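Engineer: curious how this folds, go ahead:
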Amino acid sequence: MSRMFGTDGVRGVAGTELTIELATKLGQAGAYVLTKEKSHQPTIIVGCDTRISGGMLANALMAGICSVGANAIYVGVVPTPAIAYLTRKHKVDAGVVISASHNPMEFNGIKFFNGEGYKLSDQLEDEIEELIKNDMEDVVFPIGPGIGKIDYRFDIRDEYVEFEKKTVPVDLSSLKIVIDCAEGASHYTSVKTLTDLGANLVAIHTNPDGTNINANCGSTHMDELKARVVSEKANIGIAFDGDADRMLAVDENGKMVDGDEIMAICGNFLKEKGRLAKDTIVVTVMTNLGFTLMGEKEKIHIEKTKVGDRYVLENMLENGYNLGGEQSGHVIFLDDNTTGDGLLSALHLLEVMVETGKPLSELAKVMEVLPQALVNAKVPNHKKESYMEYTEIAEAIGELEKKFAGEGRVLIRPSGTEPLVRVMIEGKDQKVIEEEAKKLADLIQRVML
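Structural biologist: Down below sits the predicted model:
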C-alpha cells in the first residue's frame, strides 16, 4: 500500500479520496501524535483555502481534534504560510491547512505544521498514518469536560498582514503592480499588504466562489497576467497559487520570471548586503542548469536536494542556510518564515527593485535560463513510483540520457502530490527537447495506464 502522506501532506479528490471520515481520523491521529507529550490541554490552529470542500473537511478535521481532547482555533481562509506564522506567534501546539495548493478545485489536502511552524518529518507523518491504520488503537477518548472545543477567530488574518509589512517594510509608492490572486487564499491578505505599503495596485482574480480556484489563473496559468502587465504599463506582475505559498513574477515586458530567477535576484542582493548565510542558496535537482552557472560566476554556493520544498527546508535547517526554494516559486526566506511564503517572496523581490531602481527585466539578467522542457505523463497514482520497472520505459530513458550526455540532462520523477510522472529535459535546442520530452511522456502514459 502506498504512503498516505505525499511531499505536501495528504491529498486527493475531496469526497471520494479525501473523505470526511479520513479528515476526522487525520484530526484525531494528528492531534494525538503532535500533542501527546503535552501536560496542558493542547490547541491547534486550522485554516483553509477557498475550495468549496474546505469547510466540510475543516469541520470533520476539527471534530477529530476535539474528540481526543485538543482544542481548535478556526481562522477561516488564509494563506498556508499564515498558518505557519500564527502557529508560532500564538504559541499553540500545531497548525493545519486544508488546501491542495495549485491543484484543480476538486482536489483538497490536509497539511500539518508542528508548534514551531515547520512541516512534519517523515517519521511523525508515519506515526500518524500508523495510528490511523490501527484504528486509533490504545487511544483513550475523553468524555465530559475532557472533550476539546472550537474557537472561531476570523480576524486573525490581519496579524499575518501586519507581520508581512513589518518584515519587509518597503515603500512601494513608486511601483505599479498587477497581482493575480488565483481566486485563492491571498485574495485579501496580498491586496491589503501591498496597498498598505503604497503600491499602485491592479488586482485580478480576487472573487473566489469555491469552484474557481486556480481556474485559468494564478501561477499555473499566467497568460492573462502577462498581457495585463503590458496593457497596464505596470512595473511587475505577481502570480500566487491557490494557497499562496508560492509566487512567480512577470517583468514589465510581459516575460515570466520563475522561482530560479527570483532566488538568483534576491540571493545576490542578500549577498551584497552580507545577509546571505554562508553565501549559499539551496535548490532542487529540477533547478535550471543556468542557476548553477550563475552561482559559479557570482561566487554563490549552490546546494541541491531532491524535489520538494520540505527537503530544501531540511537542508537549510541542518546546515544553517537562510535562502532556498524551487523553480515553481516556492521560496523560503528562513530568517522570516518557516515555509514557502508567496507574499514574502514578492516583497523581497519588490525590495530589490525599489532599492536598486532597476526594472525586473534587467535584474533577471543575473542568470541565463537554459532551454528546458517539462511534460507530465498521467498515470495511476499507485503505479507512479514504479515507472522504471517497465522495460520499454527504462530503455527509452537510457537512450535519451545517452543522447543528451555532455550537453544537457534528463530527469524523470513521480509527482509527490498528483498522479503524474514528470519528464524534464534540458538541452541546447528548445524544439528538440520539447519533442523528446513529449515522446517519452506519451510512452510512459501509454505503457503505464
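
Engineer: I figured Thr292 was touching Ile302, is that so?
Structural biologist: Yes: counting by CB atoms under 8 Å, Thr292 touches Ile302, with 5.3 Å between them. All C-beta atoms are positioned from the backbone trio N, CA, C, and that covers glycine.

Engineer: please, where are all the helices along the chain?
Structural biologist: 20-35, 54-67, 80-89, 122-133, 157-167, 186-196, 223-231, 259-272, 289-298, 309-319, 342-356, 360-363, 391-404, 430-448 (DSSP state H).

Engineer: as TSV, those with mean pLDDT and mean neighbour count would be great.
Structural biologist: Converted to TSV, the helices of the chain look like this (pLDDT from 0 to 100; neighbours: other CB atoms under 10 Å):
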stretch	mean pLDDT	mean neighbour count
helix 20-35	94	23
helix 54-67	98	22
helix 80-89	97	26
helix 122-133	92	16
helix 157-167	98	18
helix 186-196	98	22
helix 223-231	98	18
helix 259-272	98	24
helix 289-298	93	17
helix 309-319	94	19
helix 342-356	98	23
helix 360-363	98	18
helix 391-404	92	15
helix 430-448	93	17
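
Engineer: for Gln327, find the nearest of the ones you listed.
Structural biologist: Nearest of the helices of the chain to Gln327, taken as CB to CB: helix 259-272 at 4.7 Å.

Engineer: elements contacting the closest one?
Structural biologist: strand 247-250, strand 280-284, helix 289-298, strand 323-325, strand 331-333, helix 342-356 (3 or more CB pairs under 8 Å, 6 or more residues apart in numbering; DSSP states H and E).

Engineer: out of those, flag the one nearest Thr19.
Structural biologist: Of all the helices and strands packed on helix 259-272, helix 342-356 sits nearest to Thr19, with 29.2 Å by CB to CB.

Engineer: re the thing from before, in JSON lines: the helices of the chain, plus distance to Ile150.
Structural biologist: Shown next, in JSON lines, are the helices of the chain (distance: least, CB to CB, whole Å):
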{"stretch": "helix 20-35", "distance to Ile150": "11"}
{"stretch": "helix 54-67", "distance to Ile150": "5"}
{"stretch": "helix 80-89", "distance to Ile150": "16"}
{"stretch": "helix 122-133", "distance to Ile150": "21"}
{"stretch": "helix 157-167", "distance to Ile150": "17"}
{"stretch": "helix 186-196", "distance to Ile150": "22"}
{"stretch": "helix 223-231", "distance to Ile150": "38"}
{"stretch": "helix 259-272", "distance to Ile150": "37"}
{"stretch": "helix 289-298", "distance to Ile150": "45"}
{"stretch": "helix 309-319", "distance to Ile150": "28"}
{"stretch": "helix 342-356", "distance to Ile150": "27"}
{"stretch": "helix 360-363", "distance to Ile150": "44"}
{"stretch": "helix 391-404", "distance to Ile150": "49"}
{"stretch": "helix 430-448", "distance to Ile150": "43"}
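
Engineer: which residues are in contact with Asn214?
Structural biologist: Counting by CB atoms under 8 Å, 6 or more residues apart in numbering, Asn214 touches 102-105, 182-184, 220-221, 241-242.

Engineer: scratch that, Gln372
Structural biologist: Applying CB under 8 Å, 6+ apart, the residues near Gln372 are 288, 424-426, 433.

Engineer: for it, list each beta-bridge partner.
Structural biologist: Applying DSSP bridges to Gln372 yields these beta-bridge partners: Glu426.

Engineer: quick revisit: so for Ala203, which of the helices of the chain sits nearest?
Structural biologist: helix 186-196 (5.0 Å).

Engineer: just want the angle from that closest one to helix 157-167.
Structural biologist: Interaxial angle, helix 186-196 versus helix 157-167 (axes from the mean of the first three to the mean of the last three CA atoms, to 10 degrees): 40 degrees.

Engineer: give me the residues contacting helix 186-196.
Structural biologist: 50, 77-79, 82, 157-158, 160-161, 164-165, 172, 177, 179, 181, 201, 203, 205-208, 238, 240, 244, 342-343, 346-347.

Engineer: got the CA coordinates for it in CSV?
Structural biologist: The C-alpha coordinates for helix 186-196 follow below in CSV (Å, rounded to 0.1, in the frame of the first residue of the first chain):
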residue,chain,number,x,y,z
SER,A,186,-4.3,35.5,-1.0
HIS,A,187,-7.3,37.5,-2.3
TYR,A,188,-7.5,39.5,0.9
THR,A,189,-4.0,39.4,2.5
SER,A,190,-1.9,40.2,-0.5
VAL,A,191,-4.2,43.1,-1.7
LYS,A,192,-4.2,44.7,1.8
THR,A,193,-0.5,44.3,2.4
LEU,A,194,0.6,45.8,-1.0
THR,A,195,-2.0,48.6,-0.8
ASP,A,196,-0.9,49.5,2.8
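
Engineer: run the angle between it and helix 342-356 for me.
Structural biologist: 20 degrees.

Engineer: just want the angle from helix 186-196 to helix 80-89.
Structural biologist: Going by the same axes, to 10 degrees, helix 186-196 makes 80 degrees with helix 80-89.

Engineer: off-centre distance for helix 186-196?
Structural biologist: Taking CA atoms, centre = their mean, to the nearest Å, one finds helix 186-196 lying 19 Å from the centre of the chain it belongs to.

Engineer: then stretch 130-139?
Structural biologist: 30 Å.

Engineer: neighbouring contacts of that stretch?
Structural biologist: 4, 22, 25-26, 28-29, 32-33, 68.

Engineer: do you know the pLDDT at Ser121?
Structural biologist: Among the per-residue scores, Ser121 shows a pLDDT of 85.

Engineer: okay, now it: neighbour count?
Structural biologist: Ser121 has 12 neighbouring residues, counting by other CB atoms under 10 Å.

Engineer: residues touching Asp336, list them.
Structural biologist: The contact partners of Asp336, taken as CB under 8 Å, 6+ apart, are 167-168, 344.

Engineer: what do you get for Ile73?
Structural biologist: Contacts of Ile73 (CB under 8 Å, 6+ apart): 43-46, 90, 92, 150-153, 156.

Engineer: Glu318 versus that one, what's the distance?
Structural biologist: As judged by CB to CB, to the nearest Å, Ile73 and Glu318 stand 31 Å apart.

Engineer: likewise for Asp180?
Structural biologist: In terms of CB to CB, Asp180 sits 35 Å off from Glu318.

Engineer: likewise Gln430?
Structural biologist: 37 Å.

Engineer: how about Phe107?
Structural biologist: Distance from Phe107 to Glu318, by CB to CB: 31 Å.

Engineer: and for His40?
Structural biologist: Taken as CB to CB, the span from His40 to Glu318 is 30 Å.

Engineer: so how far is Met105 from Thr50?
Structural biologist: Using CB to CB, Thr50 is found at 9 Å from Met105.

Engineer: give the residues shared as contacts by those two.
Structural biologist: Contacts common to Thr50 and Met105, judged by CB under 8 Å, 6+ apart, are 210, 213.
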